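Chemist: sequence and computational prediction follow.
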Amino acid sequence: MIKFTSLCYLMSFGAAFYFISQKIDLASLNFDHYLKFADPFWLMDLLKGEELFTKEDLATYDGTQKRDLYLSVLGKVYDVSKGRQYYGPGESYHGFVGKDASKAFVTGDFSTGGLSDDVDSLHTSELEGLIHWVELYEKNYPYKGKLIGRFYKSDGTPTKYLQKIHDRLAEGKKAEEIQQDLERRFPPCNLKWSAEKGKIVWCSNKSGGIAREWIGVPRKFFLNNGREFRCACIQPGANVENNYGYFVEYGDCPPDSDKCYLRYDED
């Protein structure tokens, strides 16, 4: 295992090598340069011989101009040559080869317009699915470098577009954590409908799939500034204050009952 001090020396050597090879005048370095050279991940990419591809470069790795098969996902280039039976000319996934067609990984649109790297219109859940594809390629295929363009600049650093994608993913993860916390604190009700009694909501110590020691009573839990609601079980006497919604009792239902028969206008 490389010690931290050894790694620092190695990284310093890598940065020095880069300065010399690129003929960079040290006096011309600005703060942005400093941030980049201080980033150990950027330096590790440099030391492992990461390549930077133009779109024209990548297009030659389509199995016809060059035998090797390369594709890009979110600007990261992988060698999928060992999967020639899937990615080779004439095969099902050849449309991904020689380009970045990130959007099509989650839309399934293999038309010329669909094989695009513009993922702005994707929902957060679709972006998360795209990250799973990146993880799959990281695990199963050799990483070759980065594609200059929408996701990476000519020096290999992320573009604002890619940072925006990362920000959306972080916001999505935070929203998911909030949702999980709300469901833990205020579990969903059980729901049943019958021709005789109509819709019934009730609470149990396992309703909503949330096992707990208390049962609770049903309430309307209004979210998104009151635009929508779900049935939630709240614990009588417990603090139900939160920053995301408010509770309303069901009409014609005793407030301490663990079961409510709903009127049609309360569906």
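Modeler: Ah, there it is.

Chemist: which residues in the stretch 51-200 of the chain form strands?
Modeler: 51-53, 70-73, 76-79, 143-147, 190-194, 198-202 (DSSP state E, counting those that start in this stretch).

Chemist: JSON lines for those strands, including mean neighbour count and mean pLDDT?
Modeler: To be clear about C-beta, it is placed using only N, CA and C from the backbone, and glycine gets the same treatment. Formatted as JSON lines, the strands of the stretch 51-200 of the chain follow (neighbours: other CB atoms under 10 Å; pLDDT from 0 to 100):
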{"stretch": "strand 51-53", "mean neighbour count": "17", "mean pLDDT": "96"}
{"stretch": "strand 70-73", "mean neighbour count": "28", "mean pLDDT": "98"}
{"stretch": "strand 76-79", "mean neighbour count": "21", "mean pLDDT": "98"}
{"stretch": "strand 143-147", "mean neighbour count": "21", "mean pLDDT": "97"}
{"stretch": "strand 190-194", "mean neighbour count": "12", "mean pLDDT": "90"}
{"stretch": "strand 198-202", "mean neighbour count": "18", "mean pLDDT": "92"}
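
Chemist: quick one: the ones you listed as TSV, columns for distance to residue 108 too.
Modeler: Output for those, formatted as TSV (distance: least, CB to CB, whole Å):
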stretch	distance to residue 108
strand 51-53	25
strand 70-73	15
strand 76-79	20
strand 143-147	22
strand 190-194	33
strand 198-202	37
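
Chemist: for residue 134, find the nearest of those strands.
Modeler: strand 70-73 (5.2 Å; CB to CB).

Chemist: now do that closest one: which elements does it pack against?
Modeler: strand 76-79, helix 102-107, helix 124-140 (3 or more CB pairs under 8 Å, 6 or more residues apart in numbering; DSSP states H and E).

Chemist: could you say what helices and strands the shortest one packs with?
Modeler: Translated: strand 76-79. Contacts defined by 3+ CB pairs under 8 Å, 6+ apart place strand 76-79 against strand 70-73, helix 124-140, strand 143-147.

Chemist: and the longest one, which residues are buried?
Modeler: It refers to helix 124-140. With burial defined by 16 or more other CB atoms under 10 Å, the residues of helix 124-140 counted as buried are 124, 127-128, 130, 134, 137.

Chemist: what about residue 152, how many residues nearby?
Modeler: Residue 152 has 23 neighbours, counted by other CB atoms under 10 Å.

Chemist: domain ranges for the chain, per the record?
Modeler: 1-35, 45-184, 186-266 (automatic domain parsing).

Chemist: how far away from the center of its chain is stretch 206-217?
Modeler: Mean-position distance between stretch 206-217 and its chain equals 30 Å (CA atoms, centre = their mean, to the nearest Å).

Chemist: how about stretch 76-88?
Modeler: The mean C-alpha position of stretch 76-88 is separated from the chain mean by 23 Å, CA atoms, centre = their mean.
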